[in-house]
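**Q** I'd like to go over a predicted model; first the sequence, then the structure.
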Amino acid sequence: MARVELQDLRKSYAALEVLHGISVTIEDGEFLALVGPSGCGKSTLLRTIAGLESISSGEIRVDGKAINGLAPRDRDIAMVFQNYALYPHMSVAANMGFALKLAGMPAPEIDKRVNSAASILDLERYLARKPVALSGGQRQRVAMGRAIVRAPKVFLFDEPLSNLDAKLRVSMRAEIRDLQKRLNTTTVYVTHDQVEAMTMADKIVVLNGGKVEQIGHPLDLYRKPANLFVATFIGSPQMNLITGPLAEARAATAIGVRPEHLRVTGEGEGWEATVTAAEYLGSDTYLTVDVPKAGRLQVRTEGGVLLRPGDRTILVPVEEHVHRFDAQGRAL
């Protein structure tokens, strides 16, 4: 276990600066997710922690010790990549223990660690198989097992579930989270999927253009976004943004209302809306509506609401959940 501190990290490729003074502290045993759009610098940041990329300035500390000048193998950090990078000619057991073999660890100790990791990951009956005989989820478990056997201070995950189908991603999210809690190892997890980050992380760092937009607990980012970027990036469906008279009436340049915070009523005061599309998902109904002076909005409501395209209704925003933003996009 370890406490990781990133202090004013900067990374440049010639004249192009891709990381702009990033400072983050990851507490001992914490699960931290790095999220942001493609090209925001999250994978580059992860690779600097691993030592696969050098930093231009700043400092990376693990338990108070600077590791900037250490080679990747000397950092006591294990990384799980997006592609499993398994050796096809080796068995599962050989793949998991290969790094230990290269390090000169005695065979009995390697076997002990591999068997222990296989037990944790439910891979015991697959140890003699080659990767080609495994499913995508099983291959990802082998890649995680290869990291576990090293007993590192820090786990790094670089979009490990991107190559899996939607159903398997959901189950693997739970497995990775459960594994991290049992091992209690400090973990940094990169993903472009904010749902993954929301459901797995103790703390989220939202990156945009190589800069930190906000750091906080998943629900804090959801309930109190610091700016328009975080407000629209965190949450699915995306927050509705409204400008013009409806925003000015609340002393803001723009207001944001999440789809679930628009109540659908048949009468009374509120925003008159015309339904343009409806999706019935059983427990929920998703509506797309047109509102004069607000434009097209998304609404999430109860599954029993059976409005159809062309129907008129009234929307009432839940006032305590209306977000206000100034002209610079900062939350008011």
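**A** Happy to help now that I have it. Numbers count the residues shown, from 1 in each chain.
**Q** which SS state does A231 fall under?
**A** For A231, the secondary-structure state derived from DSSP: H, G, I helix; E, B strand; the rest coil is helix.
**Q** quick check: the gap between it and F325.
**A** With distances defined as C-beta to C-beta, to the nearest Å, the gap from A231 to F325 amounts to 7 Å. Every residue, glycine included, has its C-beta placed from N, CA and C.
**Q** what part of this structure, helix or strand, is modelled with the least confidence?
**A** helix 166-183 (a mean of 87; mean pLDDT, DSSP states H and E).
**Q** and that helix, what does it pack onto?
**A** Counting by 3 or more C-beta pairs under 8 Å, 6 or more residues apart in numbering; DSSP states H and E, the packing neighbours recorded for helix 166-183 are helix 107-121, helix 136-148, helix 194-200.
**Q** and those: which comes nearest M172?
**A** Among the helices and strands packed on helix 166-183, helix 136-148 comes nearest to M172, with 5.9 Å by C-beta to C-beta.
**Q** so for whatever helix or strand comes next after the least confident helix or strand of the chain, mean pLDDT?
**A** Beyond helix 166-183 on the C-terminal side, the first helix or strand identified by DSSP states H and E is strand 186-191. Strand 186-191 shows a mean pLDDT of 96.
**Q** who's in contact with the nearest residue to T285 once chain neighbours are set aside?
**A** Distances taken as C-beta to C-beta, 6 or more residues apart in numbering place V305 nearest to T285, at 4.8 Å, with adjacent residues excluded. For V305, the contacting residues are V264, T285, L287, by C-beta atoms under 8 Å, 6 or more residues apart in numbering.
**Q** now the residue nearest to the spatial centre of the chain: how far from R141?
**A** Centroid check for the chain by C-alpha atoms, centre = their mean gives A197 as the closest residue, at 2.9 Å. As defined by C-beta to C-beta, A197 lies at a distance of 21 Å from R141.
**Q** kindly report the same for F229.
**A** 35 Å.
**Q** same check on M79?
**A** Counting by C-beta to C-beta - M79 and R141 are separated by 16 Å.
**Q** so between these two, which is more surrounded?
**A** Neighbours of M79 and R141, each counted by other C-beta atoms under 10 Å, are more numerous for R141; the result is 27 against 24.
**Q** how about the closest residue to the more buried one other than its chain neighbours, what does it touch?
**A** Closest residue in space to R141, ignoring its immediate chain neighbours: L121 at 4.5 Å, by C-beta to C-beta, 6+ apart. Residues counted as contacts of L121 (C-beta under 8 Å, 6+ apart) are R141, V142, M144, G145, I148, L179.
**Q** contacting residues around E272?
**A** For E272, the residues meeting the contact criterion (C-beta under 8 Å, 6+ apart) are V291, P292, R312, I314.
**Q** what of Q138?
**A** Contacts for Q138 (C-beta under 8 Å, 6+ apart) come out as L123, Y126.
**Q** picking that back up, can I get the contacts of L121 in JSON lines with distance to Y280?
**A** Rendered in JSON lines, the data for the contacts of L121 read as follows (distance: C-beta to C-beta, whole Å):
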{"residue": "R141", "distance to Y280": "37"}
{"residue": "V142", "distance to Y280": "41"}
{"residue": "M144", "distance to Y280": "38"}
{"residue": "G145", "distance to Y280": "42"}
{"residue": "I148", "distance to Y280": "43"}
{"residue": "L179", "distance to Y280": "36"}
